[in-house]
Every structure is written in C-alpha cells, then in structure tokens.
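# need a 3D model of the sequence below.
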Amino acid sequence: MRRYAADISSLAEEFQQRFRDFAAIEKEIMLFSSPFSMDPDDAPDHLQLELIELQCDAECRSRHQQLPLVNFYRQLDKGRFQEILTFAKKMLSLFGSTYLCEKTFSVMNINKNRLRTRLSDSHLHDILRIKTTVFEPDLAYLLQSRSQYHPSH
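This is a model prediction of the structure:
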C-alpha cells in the first residue's frame with residue numbers, strides 16, 4: 001500500500017505541475033484558441049491592433065468557425081496579421097514540442113521495457129527517429145526493389 005501511495009502522490013504532483021504550467025500561459029492559450037472572444041485590452045500590446053482588425057473581419061470570423069485552428073492560422077494574410085501569425089507559430093511550436101516530447105518518452109519506455117535485453121543505444125536511437133517522424137515509407141517500392149536484388153527470396 002505504501003508503494004502505491006508514493007506512486008499516486010508522485011502522479012498527483014506531476015499533474016499539478018502541468019496545470020501550473022498551463023495556468024501561467026492561460027491568456028495566451030485563450031488568445032490562440034479563441035481570438036474572436038478575447039478582449040483586445042487583455043492581449044499583449046504588440047497584438048492589440050491586429051487583434052481588433054481580425055475581430056472586425058467577418059470573413060476571418062467565418063473561417064475561424066469553419067476551419068481547424070491550424071488551417072485558420074495558415075490562411076491568414078501574412079501582410080495584415082504578421083504579429084498574430086508569429087504568436088500563433090510560437091503557440092503551435094509550444095504544443096507541438098510538448099506532444100513530441102511526450103510521444104518520444106512514451107515510445108522509449110514501451111520499447112525499452114519490451115525489448116530490454118536486446119536494445120542497444122543505436123537501436124533506441126533508430127526507434128525514436130522512426131516513431132517521431134512524419135515520414136511514410138513507400139513499402140511497395142521497397143519490397144519491389146528488394147525482390148529485384150534478391151530474386152531467391
């Protein structure tokens with residue numbers, strides 16, 4: 001029981017730390033996810049004018065409602081909304097890197113536990129590279145080229 005209590009206490013502290021991290025950037029998250037609901041006075045000074053212009057643009061409001069958030073920011077006019085786009089890229093990279101970091105550790109732990117006796121540093125490096133990339137191999141081409149070089153297989 002004591003071992004479980006310590007594990008649960010550790011998990012609770014980790015969750016609290018993560019929520020503290022989010023609380024520290026709550027206004028930025030709100031601005032990023034709901035720019036049309038944000039009071040421009042609550043936005044950072046360098047974003048206020050562009051935020052007002054964005055909120056007054058009916059076409060942008062419609063696109064925000066219709067498109068996924070990433071696509072909404074991709075289609076914004078780079079000339080009119082340069083500061084907002086820079087801010088959005090910062091927020092996307094924050095969430096992207098957090099996701100990538102968590103995905104990496106998850107993959108590493110799964111593979112390390114499953115393959116502990118056979119896993120070298122080189123293997124772990126290769127597994128992490130494969131699991132954290134968006135590259136999709138052309139398996140049909142690889143199999144075809146392999147069969148050309150090894151016709152007996």
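# low-scoring stretches of this structure, by residue?
Where the chain drops to pLDDT under 70, the residues are 1, 15, 18-19, 21-23, 95-125, 127-135, 149-153.
# stretch 77-84 spans what distance, first to last residue?
10 Å (CA to CA, to the nearest Å).
# got the phi and psi for residue 93?
Backbone geometry at residue 93, expressed as degrees, to the nearest 10, gives phi -70, psi -30.
# what separates it from residue 73, distance-wise?
12 Å (CB to CB, to the nearest Å). Heads up, the C-betas are built off the backbone N, CA and C, glycines and all.
# more neighbours: which of these two?
Counted by other CB atoms under 10 Å, residue 93 and residue 73 do not tie: residue 73 has more neighbours, with 20 against 11.
# in contact with the more buried one, which residues?
Contact analysis of residue 73 by CB atoms under 8 Å, 6 or more residues apart in numbering lists 84, 85, 88, 89, 92.
# kindly report the same for residue 63.
Contacts of residue 63 by CB under 8 Å, 6+ apart are 72, 75.
# element containing it?
Using DSSP states H and E, residue 63 sits in helix 58-66.
# return the set of buried residues in that helix.
60, 64 (16 or more other CB atoms under 10 Å).
# please apply the same query to stretch 85-96.
For stretch 85-96, by 16+ other CB under 10 Å, it's 85, 87, 88, 91.
# what segments of the chain are helices?
Remark: helices assigned in the chain by DSSP state H are 2-24, 26-33, 45-55, 58-66, 69-75, 82-114, 121-131, 139-149.
# what about residue 72, neighbour count?
16.
# verify the contact between it and residue 64 for me.
Yes: applying CB atoms under 8 Å as the test, residue 72 and residue 64 come out as touching, 5.1 Å apart.
# in contact with residue 61, which residues are there?
So, once contact is read as CB under 8 Å, 6+ apart, residue 61 ends up touching 36, 55.
# count the neighbours of residue 32 for me.
Residue 32 has 20 nearby residues by other CB under 10 Å.
# contacts only, for it.
The contact partners of residue 32, by CB under 8 Å, 6+ apart, come to 69, 87, 88, 91.
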